[in-house]
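> model this:
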Amino acid sequence: MIRKLGLLTVSAAILFGLSANAEEFSIAVVDVPAVVNASAQVQALKKEQQLKAQEIIKFVEKARKDVASISDTKKKQAAEEKYNKELTAKKEKMDTEYAAKLQALDKSISQQITDKAKAEGYNVVLSKNVVLYGGTDITSEIVKIVK
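Residues are numbered from 1 along each chain as shown. Model (predicted):
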């Protein structure tokens with residue numbers, strides 16, 4: 001009972017503190033998917049990934065032709081294993097590089113949002129999809145920055 005009262009007191013104090021400073025407290029919202037889709041860096045990364053995927057498709061087609069041209073069963077199986085290992089290595093490398101670049105872009109976009117929010121004097125920035133009402137939408141300003 002005492003613990004509940006203490007929690008209630010703390011909650012009331014926080015709410016009172018927020019309402020007392022309401023003029024100084026401002027919230028911004030950002031449509032993060034829209035910002036990501038507008039980013040020139042993200043678009044370049046997508047194109048790069050598509051080119052790498054096409055290279056892998058060409059590799060697979062070449063491997064199939066090579067394996068199909070082998071008549072000896074043991075040599076055919078060895079060639080399949082070799083190509084499968086190469087394909088796995090290429091795919092893992094591609095995925096690892098993509099994940100690292102995507103993480104760097106995410107960090108960069110988050111930093112740009114943070115910098116803009118601080119410059120504009122916002123205390124909190126929330127994703128637009130979690131806010132039902134309120135907050136100043138700064139998406140268009142961020143989109144201009146990431147283009």
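
> doesn't residue 127 make contact with residue 29?
Yes: using C-beta atoms under 8 Å, residue 29 makes contact with residue 127 at a distance of 7.2 Å. Backbone N, C-alpha and C define where each C-beta goes, glycine included.

> who's more crowded, those two?
Ranked by neighbour count (other C-beta atoms under 10 Å), residue 29 and residue 127 place residue 29 first, with 20 against 11.

> contacting residues around the residue positioned nearest the centre of the chain?
Geometric centre of the chain, nearest residue: residue 106, 5.1 Å, by C-alpha atoms, centre = their mean. Not one residue lies near residue 106 by C-beta atoms under 8 Å, 6 or more residues apart in numbering.

> pLDDT (mean, whole number) over the helix or strand hosting it?
Taking DSSP states H and E as the definition, residue 106 sits inside helix 73-120. Average pLDDT, helix 73-120: 93.

> which elements pack onto the very next helix or strand once past that helix?
Next helix or strand after helix 73-120 toward the C-terminus (DSSP H and E): strand 124-127. Contact here means 3 or more C-beta pairs under 8 Å, 6 or more residues apart in numbering; DSSP states H and E; on that basis strand 124-127 packs against strand 27-30, helix 73-120.
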